[in-house]
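In: please find the sequence and the predicted model below.
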Amino acid sequence: MRNATLRQLRVFESAARHLSLTRAAEELHLTPPAVSIQVKQLEGHAGAALFERGGRRLKLTQEGEEVLLHAREILGHIRGAEEAIAELDSLARGLLDIAVINAGDHFFPWIVAAFRRLHPGIRVRLTVQNRDELLSRLAAHTTDLAVISQPPSEAGYTATAFAPHPHVIAAAPSHPLAGKRRIPLSRVAGEPILTREPGSSTRLAMEQAFAEAGIVPRIEMEIAANETIKQAAAAGLGVGFLSAHALRQELALGSLVILDVEGFPVMRQWYVVHRQDRRLPRIAQAFERFVIEHGERLIGPDAVKPRRKGRAR
């Protein structure tokens, strides 16, 4: 491994995190053949295969797991050195590397904008992914902070709640349940339900809500984007379990309504999360404090009340 390069380690770490050469290429703005060449060169330096190649997904070999552990440690030290140099100019400039789950992309840019007004010289790299993907980025030290709705159950993370996060069931205004009062959750469970993919915070919140009621929902579609779920619900394909934060525009336009379901909205919390073994740059520390102190106010209230018949506009 004496002749391995940082570029090879970065490419390998991305491929190992995604278990896909194609997704690593997309993240690093390379072509899949270029990623494959870098991985093969690193395998040559290691004198061992780092991946088992079968089908479209990769699997790390035992040697690959060991190399990944050390690669992340090396890349973490390199990034720490870069950040230490950048911090010599205090908070006047530097890079704020943050991430948020999909349900938060409707409000999180407003929090970032408010912070940048205090520190106009900084640069921001904002990643939007599902919960599992963001936790992988934190574990790999490829992002400093993440905002999620379900705190990690694993050890090694610090998670601080900063705002409530309501979840609701939305449907087209023409849906038979629209305008009904105190709908039993068992009645909703019989409807075609549109939901996020496994691994997302919204899906976890939905599964918990139905499990606590002892009800098995009828999942019609698993969709990896809130926007598509909203469009599918508006088109009458089913009812969507969604973050209330994601519905502001649709409620204002009248393309969706919130159903009056017993026990709803389901309330969770927004958390700002970082790894305990990660030395946060000063700019990330300042942003974390800002989110905890001002995040709830900047998110603002959400219209989570169901629309009654005769009150629609």
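Out: Okay, I see it.
In: the one helix or strand Leu75 maps to - contacts with which helices or strands?
Out: Assigned by DSSP states H and E, Leu75 belongs to helix 62-86. Other elements packing on helix 62-86 under the criterion 3 or more C-beta pairs under 8 Å, 6 or more residues apart in numbering; DSSP states H and E are helix 6-18, helix 32-46, strand 94-101. The way it works is simple: take the backbone N, C-alpha and C, and place the C-beta from them, glycine included.
In: how does it look with 7 Å?
Out: With contacts defined as 3 or more C-beta pairs under 7 Å, 6 or more residues apart in numbering; DSSP states H and E, the packing partners of helix 62-86 are helix 6-18.
In: any idea how far stretch 190-208 is from the chain center?
Out: Taking C-alpha atoms, centre = their mean, to the nearest Å, one finds the center of stretch 190-208 at 15 Å from the center of the full chain.
In: now do the end-to-end distance for that stretch.
Out: 17 Å (C-alpha to C-alpha, to the nearest Å).
In: and it, what's its mean pLDDT?
Out: Mean pLDDT, stretch 190-208: 92.
In: next, the buried residues of it.
Out: Buried residues in stretch 190-208, defined by neighbour count with 16 or more other C-beta atoms under 10 Å: 191, 193-196, 200-206.
In: what bits of the stretch 201-313 of the chain have low per-residue confidence?
Out: Within the stretch 201-313 of the chain, the ranges that satisfy pLDDT under 70 run 301-313.
In: neighbours of the closest residue to Ala103 other than its chain neighbours, how many?
Out: Leaving aside its sequence neighbours, Ala103 sits nearest to Ser243 (C-beta to C-beta, 6 or more residues apart in numbering; 3.7 Å). Number of residues near Ser243 (other C-beta atoms under 10 Å) recorded here: 26.
In: so what's Ser243 bridging to?
Out: His167 (DSSP bridges).
In: contacting residues for the residue nearest to Phe108 when sequence neighbours are not counted?
Out: Residue nearest to Phe108 in three dimensions, not counting chain neighbours: Val100, with 4.5 Å by C-beta to C-beta, 6+ apart. Shown in contact with Val100 (C-beta atoms under 7 Å, 6 or more residues apart in numbering): 108, 128, 146-147.
In: again, only using 6 Å
Out: Residues in contact with Val100, defined by C-beta atoms under 6 Å, 6 or more residues apart in numbering, are 108, 128, 147.
In: between the residues you listed, which is nearest Lys40?
Out: Using C-beta to C-beta, Val128 is the member of the contacts of Val100 that lies nearest Lys40, at 31.7 Å.
In: pLDDT score assigned to the residue positioned nearest the centre of the chain?
Out: Centrality entry for the chain: nearest residue to the mean C-alpha point is Ile101, 2.4 Å, by C-alpha atoms, centre = their mean. pLDDT recorded at Ile101 is 91.
In: who's it bridged to?
Out: Beta-bridge partners recorded for Ile101 (DSSP bridges): Gln129.
In: measure His18 to Arg275 for me?
Out: 19 Å (C-beta to C-beta, to the nearest Å).
In: list the buried residues for stretch 128-143?
Out: Using 16+ other C-beta under 10 Å as the test for burial, stretch 128-143 gives 129-135, 137-143.
In: so what would you say the end-to-end distance of stretch 176-188 is?
Out: 11 Å.
In: contacts for that stretch?
Out: 169, 171, 213, 215, 257, 259-262, 308-309.
In: among those, which one sits closest to Gly54?
Out: When these are compared against Gly54 (criterion: C-beta to C-beta), the nearest one is Ile215, at 38.6 Å.
In: what residues are up against that closest one?
Out: 185-186, 189.
In: next, count neighbours for the spatially closest residue to it that is not a sequence neighbour.
Out: Leaving aside its sequence neighbours, Ile215 sits nearest to Ala189 (C-beta to C-beta, 6+ apart; 4.8 Å). Ala189 has 15 neighbouring residues, counting by other C-beta under 10 Å.
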